[in-house]
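> Fold the following and give me the result.
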Amino acid sequence: MIELHPEILEKDGKKQFVILPYEEFAAIQEALADADDLAALRAAKKEEHAAPGITLEKLSRSWGYPVRHFLTHASMAERVKVCFDPEADYLVEIEGVD
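All right, here's what the predicted structure looks like:
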């Protein structure tokens, strides 16, 4: 839990603004970004729950050699004939690519 030390500014007797130390503000931003990432991950997992997949063991057998954790996105994309977008850091399947 983030410990906050807010300074509340009032106008006409009503709370209007909050001032926080920068470190606390940055911690809040990071926590919000993490929460967004977690929500996106959960949504993607729910959406892709029934999507077909392949284990590393099966992939290794089909390629004829072990797949290691150091395989880059780009080299994996080349081997499975999909497009790698380095800016988005994910693989994109392209229909009709042999």
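> Can you give me the domain boundaries for the protein?
7-47, 56-92 (automatic domain parsing).
> lowest-confidence stretch among these?
Set side by side, the domains of the chain give their lowest mean pLDDT on domain 56-92, at a mean of 64.
> Okay, and Asn15 sits in which element?
Small correction: residue 15 is Lys, not Asn. Element membership of Lys15, judged by DSSP states H and E, is strand 14-19.
> Check which helices and strands that strand sits against.
With contacts taken as 3 or more C-beta pairs under 8 Å, 6 or more residues apart in numbering; DSSP states H and E, strand 14-19 sits against strand 7-11. Using the backbone N, CA and C atoms, a C-beta is placed for each residue, glycine as well.
> May I see the buried residues of the top helix by length along the chain?
Scanning the chain for the helix with the most residues, using DSSP state H, yields helix 22-47. Of all the residues in helix 22-47, not one is buried under the rule 16 or more other C-beta atoms under 10 Å.
> quick one: buried residues of the helix or strand just after that helix?
Using DSSP H and E, the next helix or strand after helix 22-47 towards the C-terminus is helix 56-63. Residues of helix 56-63 classed as buried: none (neighbour count, 16+ other C-beta under 10 Å).
> CA atoms only for helix 56-63, dumped as PDB, please.
Presented in PDB, the C-alpha positions along helix 56-63 are these (Å, rounded to 0.1, in the frame of the first residue of the first chain):
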ATOM      1  CA  LEU A  56       7.400 -25.900 -26.100                       C
ATOM      2  CA  GLU A  57       7.900 -29.600 -26.100                       C
ATOM      3  CA  LYS A  58       5.700 -30.200 -29.200                       C
ATOM      4  CA  LEU A  59       7.300 -27.200 -30.900                       C
ATOM      5  CA  SER A  60      10.800 -28.500 -30.200                       C
ATOM      6  CA  ARG A  61       9.800 -31.900 -31.700                       C
ATOM      7  CA  SER A  62       8.300 -30.300 -34.800                       C
ATOM      8  CA  TRP A  63      11.500 -28.200 -35.400                       C
END
